[in-house]
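Peer 1: any chance you can model this:
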Amino acid sequence: MNDPITLNGIELTAVPVRRQEEILTPQALDFVARLHRATHGRRRELLELRETRRRRIARGQDPRFLEETRHIREDESWQVAPIAPGLEDRRVEITGPVDRKMTINALNSGASVWLADMEDSSTPCWGNVINGQLNLRDALDRQIDFTTPAGKEYKLRGETLTDLPTIVVRPRGWHLPEKHMLIKG
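Peer 2: Residues are numbered from 1 along each chain as shown. Take a look at the predicted model:
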């Protein structure tokens, strides 16, 4: 069993992951605590509304767009922002988890974009969450490699970050609580 660690008002209850302090810096934890305080009430409210809506749909209610957003859907002048640099060509895009080997393989794939999926394609256990962040940072710093137990080596190809696909990170959903990071319980 692990003794909880409290940093910046956040109680970390998981068994520590090697190098987690590189991701869970005092500044990062302070940001998480402030974000939690600012959004917790509304987040809980939205999760309750989501569950109510889910039950209604399960009972046969036809899901529809919200009436209060009709003006947006009917506004012909409404448009999205221009496409961000690096995302203009998404004809070849790869999606996958952020474990070390898959990060290297995705970045060496030749795809234009890699959707680094930290939710559906990655079991959101504490180690995967922290190591996924470390793997992304190591990849951006070009400090990532991996060797299998059989001795097969994986390394990034290309000379610079511009030789790699654009990385789009899909973080864990806002609806998923993190039981290993507690703020006031």
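
Peer 1: what's the helix or strand for T6?
Peer 2: Assigning secondary structure by DSSP states H and E places T6 in strand 5-7.

Peer 1: kindly report the same for A38.
Peer 2: In this structure, A38 sits in helix 26-58 according to DSSP H and E.

Peer 1: who are the packing partners of that helix?
Peer 2: Where contact means 3 or more CB pairs under 8 Å, 6 or more residues apart in numbering; DSSP states H and E, helix 26-58 is packed against strand 10-12, strand 181-183. All C-beta spots, glycine's among them, are computed from the backbone N, C-alpha and C.

Peer 1: so for that helix, mean pLDDT?
Peer 2: What helix 26-58 shows for mean pLDDT is 94.

Peer 1: what's stretch 138-156 in contact with?
Peer 2: Stretch 138-156 is contacted by residues 100-101, 103-105, 107-108, 135, 161, 164, 167 when judged by CB atoms under 8 Å, 6 or more residues apart in numbering.

Peer 1: ok, stretch 115-130 next?
Peer 2: Outside stretch 115-130, the residues that reach it (CB under 8 Å, 6+ apart) are 14-15, 17, 19-20, 23-24, 93-99, 103, 106, 132, 136, 167-173, 176, 178, 180.

Peer 1: buried stuff in it?
Peer 2: Judged by neighbour count (16 or more other CB atoms under 10 Å), stretch 115-130 contains these buried residues: 115-118, 122, 126, 128-130.

Peer 1: just stretch 14-21 next, same as before
Peer 2: Within stretch 14-21, the residues scored as buried using 16+ other CB under 10 Å are 14, 17, 20.

Peer 1: a markdown table for these, including pLDDT?
Peer 2: Converted to a markdown table, the buried residues of stretch 14-21 look like this (pLDDT from 0 to 100):
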| residue | pLDDT |
| --- | --- |
| A14 | 93 |
| V17 | 95 |
| Q20 | 96 |
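
Peer 1: and of the residues you listed, the nearest to L7?
Peer 2: Proximity of these to L7 was ranked by CB to CB; the top entry is Q20 with 10.7 Å.

Peer 1: quick one on the thing from earlier: to G86, which of the helices and strands packed on helix 26-58 lies closest?
Peer 2: So among the helices and strands packed on helix 26-58, strand 181-183 is nearest, using CB to CB, at 31.0 Å.

Peer 1: sheet-wise, list the partners of that closest one with their directions.
Peer 2: strand 10-12 (antiparallel) (DSSP bridges).

Peer 1: state the mean pLDDT of the strand it pairs with.
Peer 2: Per-residue pLDDT over strand 10-12 has a mean of 92.

Peer 1: okay then, goodbye and thanks.
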